[in-house]
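Colleague: Need a 3D model of the following:
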Amino acid sequence: METLEKIRNHVVNLELDAIRRTVQEALDAGIPAIQILTEGLSKGVEIVGKKFEGEEYFLSELIMAGETMKAGVAVLDPHLKKEAVKSLGTIVLGTMKGDIHGIGKNIFGTLARSGGFNVVDLGVDVSADKFVETAKKNNADIIATSSLLTITMVYIAEVVKLIEQSKLRSKVKIIMGGAPIDDDYAKKLGADAGVNDGVQGVEICRSWM
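Modeller: Numbers count the residues shown, from 1 in each chain. Reported below is the predicted structural model:
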């Protein structure tokens, strides 16, 4: 679809002003908000991620792509809320300690909200203590962590340890997300699942509920 392709290109080309206009055009054309998110904005971010991995894009472009994504989501947000179903449960979300990348986290959070979850987003550089403290406070069902930097992935073990000490492990599921993460590695670290795709991550969370 031409409009969705334009949205993808806006994200890739870091066109902050144009993204708002084109997302509104897509909504006016009757394209569902969730489709604009998954097939337009999210696909654009995937391309940006590949450019970053290939050292074609650097941190400044990654940050700008995140801002472009946020601008598009801001237009979509009221429509995503209308399309959302009754809350399935609560997810505590954040990027792991030592990592300041938030694009993947933000995509997952938006998808999870539109999929019916209450999402408590702690932002980036989040400690294990903060994840567990917030999960307890909000009676959370799931802790979702994001890592783009390989060196920060191991901190999930601290989250798992604290959850077990709090005697909440049987109640709280833990999912890891990020480009370098796969399911096998996540489970070795003590998590219940690991994904590098936001849509798949939300599907897993829904299956747990």
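Colleague: Contacts only, for G109.
Modeller: By C-beta atoms under 8 Å, 6 or more residues apart in numbering, the contact list for G109 reads 93, 119, 121. For glycine as for every other residue, the C-beta is placed from the backbone atoms N, C-alpha and C.
Colleague: can you put the residues you listed in CSV and add distance to M176, secondary structure and pLDDT?
Modeller: What follows is the contacts of G109, written out as CSV (distance: C-beta to C-beta, whole Å; DSSP: H, G, I helix; E, B strand; the rest coil; pLDDT from 0 to 100):
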residue, distance to M176, secondary structure, pLDDT
L93, 12, strand, 97
V119, 16, strand, 91
D121, 16, strand, 95
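Colleague: for the record, mean pLDDT for the helix or strand harbouring T145?
Modeller: For T145, the element it lies in under DSSP states H and E is strand 142-146. Averaged across strand 142-146, the pLDDT comes to 96.
Colleague: now stretch 73-86
Modeller: Average pLDDT, stretch 73-86: 76.
Colleague: buried sites along it?
Modeller: Of all the residues in stretch 73-86, those buried under the rule 16 or more other C-beta atoms under 10 Å are 73, 75-77, 79-80, 84.
Colleague: need the longest helix for the chain.
Modeller: helix 59-83 (DSSP state H).
Colleague: Run the chain-centre distance for it.
Modeller: Mean-position distance between helix 59-83 and its chain equals 11 Å (C-alpha atoms, centre = their mean, to the nearest Å).
Colleague: residues in contact with that helix?
Modeller: Applying C-beta under 8 Å, 6+ apart, the set of residues contacting helix 59-83 is 7, 10-12, 14-16, 19-20, 23-24, 27, 32-34, 36-37, 40-41, 44-45, 48, 51-52, 57, 101-103, 106-107, 110, 113-114.
Colleague: ok, back up a step: CSV for the buried residues of stretch 73-86, including distance to L148?
Modeller: Below are the buried residues of stretch 73-86 laid out as CSV (distance: C-beta to C-beta, whole Å):
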residue, distance to L148
V73, 19
V75, 26
L76, 24
D77, 24
H79, 29
L80, 24
A84, 27
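Colleague: Show me which pair in the residues you listed is furthest apart.
Modeller: Of all pairs drawn from the buried residues of stretch 73-86, the one with the longest distance (C-beta to C-beta) is V75 and A84, at 16.2 Å.
Colleague: what residues does the strand or helix carrying V11 touch?
Modeller: Element membership of V11, judged by DSSP H and E, is helix 2-12. For helix 2-12, contacts defined as C-beta under 8 Å, 6+ apart pick out 15, 18-19, 22-23, 25-26, 29, 31, 35-36, 39-41, 43-45, 47-48, 51, 65, 68-69, 72.
Colleague: how about a cut-off of 7 Å?
Modeller: With C-beta atoms under 7 Å, 6 or more residues apart in numbering as the test, helix 2-12 has contacts from 18-19, 22-23, 25-26, 29, 31, 36, 39-41, 43-45, 47-48, 65, 68-69, 72.
Colleague: between that helix and helix 59-83, how many degrees?
Modeller: Orientation of helix 2-12 against helix 59-83 (axes from the mean of the first three to the mean of the last three C-alpha atoms, to 10 degrees) gives an angle of 140 degrees.
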